[in-house]
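Colleague: Predicted model and sequence follow; I will ask about them next.
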Amino acid sequence: DQQVKQNSPSLSVQEGRISILNCDYTNSMFDYFLWYKKYPAEGPTFLISISSIKDKNEDGRFTVFLNKSAKHLSLHIVPSQPGDSAVYFCAASARTGGFKTIFGAGTRLFVKA
Amino acid sequence: DTGVSQDPRHKITKRGQNVTFRCDPISEHNRLYWYRQTLGQGPEFLTYFQNEAQLEKSRLLSDRFSAERPKGSFSTLEIQRTEQGDSAMYLCASSFLGLAGIPGELFFGEGSRLTVL
């Protein structure tokens, strides 16, 4: 069963515009949500996280929004830069699950100059 | 400490052979995870450790897969009697879970790519 879903395999955005990456989840017990970024030939690297008790967390150009009632979160990148082109993974973990981290399939972001 | 390191980076083997991957986590991290990633997919959970204790093993993992973390430091992932379907990138990650129970983010190694011919 796929507990974390990223339904858009790819997204293309013009430099300077906003990138919005979406993620849905099915397990209401998830306590923490994270976004990771992956460049080719490298392991994923942590980008930003949000606890289930919050609905927004911001770090520079990156903002994550959490809508618990809809079991949906999104990552906003403003303004988008060509260096942001990568695969973005949504991930989640639950205290009841020992904080084992479950990943979505990823969305490939292309930022065009 | 330069991060999580994995060895070997690439392994090509014939079907039926055994392979072993090693992961050296960040030294102060008490948690260690193994994931498998295939093309177009996200990291798929395999197993994880808290110190030397293996907390969970994915039910999708056959008995041909075994992982250890002796002394709570480095870890090994062994695949016995490899099959072509085992071809994938095997990722190791580590993190620190404090007494407050707030999980830290995962730090990934660069992965070990397995090709089974």
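Modeller: Yep, that arrived.

Colleague: Could you identify the helix or strand that succeeds the helix or strand B:W34 falls within?
Modeller: In the assignment (DSSP states H and E), B:W34 maps to strand B:31-37. Next in sequence after strand B:31-37, counting helices and strands by DSSP H and E, comes strand B:44-50.

Colleague: got the angle for that following strand vs strand B:31-37?
Modeller: Using axes from the mean of the first three to the mean of the last three C-alpha atoms, to 10 degrees, the inter-axis angle of strand B:44-50 relative to strand B:31-37 is 170 degrees.

Colleague: ok, strand B:44-50: who's next to it in the sheet?
Modeller: When pairing is defined by DSSP bridges, strand B:44-50 lines up against strand B:31-37 (antiparallel), strand B:53-57 (antiparallel).

Colleague: is it true that A:F89 touches A:F103?
Modeller: Yes. Shown here, A:F89 and A:F103 form a contact pair, counting by C-beta atoms under 8 Å, at 5.1 Å. Every C-beta, even on glycine, is put in place using the N, C-alpha and C of the backbone.

Colleague: Just give me the residues shared between the contact sets of those two.
Modeller: A:36, B:42-43 (C-beta atoms under 8 Å, 6 or more residues apart in numbering or on different chains).

Colleague: Could you point out which of those residues is nearest to A:V4?
Modeller: Nearest to A:V4 among the shared contacts of A:F89 and A:F103, counting by C-beta to C-beta, is B:G42 at 7.8 Å.

Colleague: Would you check how far apart B:G85 and B:L60 are?
Modeller: Distance, B:G85 to B:L60, using C-beta to C-beta, to the nearest Å: 12 Å.

Colleague: before we move on, what about A:A92?
Modeller: When distance is defined by C-beta to C-beta, A:A92 is 18 Å away from B:L60.

Colleague: of those two, who's got more company?
Modeller: More crowded of A:A92 and B:L60, by other C-beta atoms under 10 Å in any protein chain shown: A:A92, with 25 against 10.

Colleague: What about the residue of chain B found nearest chain A, how many residues nearby?
Modeller: Of all residues in chain B, B:F108 sits closest to chain A, at 3.1 Å by C-beta to the nearest C-beta. By the criterion of other C-beta under 10 Å, B:F108 has 23 neighbours.
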